[in-house]
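Student: I'd like to go over a predicted model; first the sequence, then the structure.
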Amino acid sequence: MARSSDRSVTGRAPSAAEKAPANKAPAKRAPAKRAPAKKASAPKAPEERAHADEAAGADLVVKDGEGGWTEEELAEVLQELRAQRDHSLAQLEALDAEVSGLMRDSGDGAGHDQADVGASSFERDHELAVLTSERLRLEQIEHALERIDDGTYGVCESCGEAVGKMRLMAFPRATLCVTCKQREERR
C-alpha cells in the first residue's frame, strides 16, 4: 500500500512513470540507414526481376560505417541465392522420390523381423527430417529474394536494425542481426 506522502492531490497513488526521476532520458539508438519505402507492384517475370533486383541494391539497408550495396555485390548475393534455390529444388525432387519409395515399401512388416522394421522406420524418419529441413531452406531462400525485391533485405526482422552487409554476403538467407541471432540461440 502506498504511504500517504506518496499520494497526490487527487488522492490516488502515483504511477511508476510519475515516480521515476525526470532527468533520466531514455537511451536512443541511431536508426539504420534506410531508403524510402517502395510501392507494391505486380509480380515480375524472371528477366524483369533480375534487372529490378540489381537496381534495388542502392536502396538496401546497411550498417553505419558500411558502404552501400554495389551492383556487383548484389549480383553476387543474388547468384548465390539462385544457386542455392536450384540446388534445393533438385534435392527436394530427389528426396520426394526417395520418401515416396520408402512409404510404398513400408508394407505391413510381413516376412520382416523386428530389426528390419525398425531400420526401415528409422530410415524413413531420417529422410522425412531431411526433406523438412530442405523445404525450410527453400522457404528462407524465397523469403530472401522477396525481401530484396521489396527493399527490406538487410533489416533485422526482430529489432529493425541493419543486419550488416558482410553478414549477408557470408549468409545471404540471414534475417536477424548478430545480436538478435545470439539472443535467439540462448533461448
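Tutor: That came through fine.

Student: list the buried ones in stretch 84-102?
Tutor: For stretch 84-102, the neighbour count (16 or more other Cβ atoms under 10 Å) marks 84-85, 88, 91, 95, 99, 102 as buried. (Each C-beta comes from the backbone N, C-alpha and C, glycine too.)

Student: and which of these is nearest to G151?
Tutor: Taking Cβ to Cβ as the measure, G151 sits nearest to R85 out of those, at 20.1 Å.

Student: could you pull out the strands for the protein?
Tutor: Ranges of strands in the chain, per DSSP state E: none exist.

Student: pLDDT below threshold where in it?
Tutor: For the chain, the stretches with pLDDT under 70 are 1-58, 105-112.

Student: Could you list every helix and strand in contact with the biggest helix by length in it?
Tutor: Using DSSP state H, we find that the single longest helix of the chain is helix 114-150. With contacts taken as 3 or more Cβ pairs under 8 Å, 6 or more residues apart in numbering; DSSP states H and E, helix 114-150 sits against helix 46-55, helix 71-105.

Student: Pipe those into TSV and attach distance to I148 per row.
Tutor: What follows is these, written out as TSV (distance: least, Cβ to Cβ, whole Å):
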stretch	distance to I148
helix 46-55	5
helix 71-105	7
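
Student: wait, which of those is closest to A129?
Tutor: Of all those, helix 71-105 sits nearest to A129, with 10.3 Å by Cβ to Cβ.

Student: What degree of burial does L74 show, as a neighbour count?
Tutor: 23 (other Cβ atoms under 10 Å).

Student: for R124, same thing?
Tutor: Number of residues near R124 (other Cβ under 10 Å) recorded here: 17.
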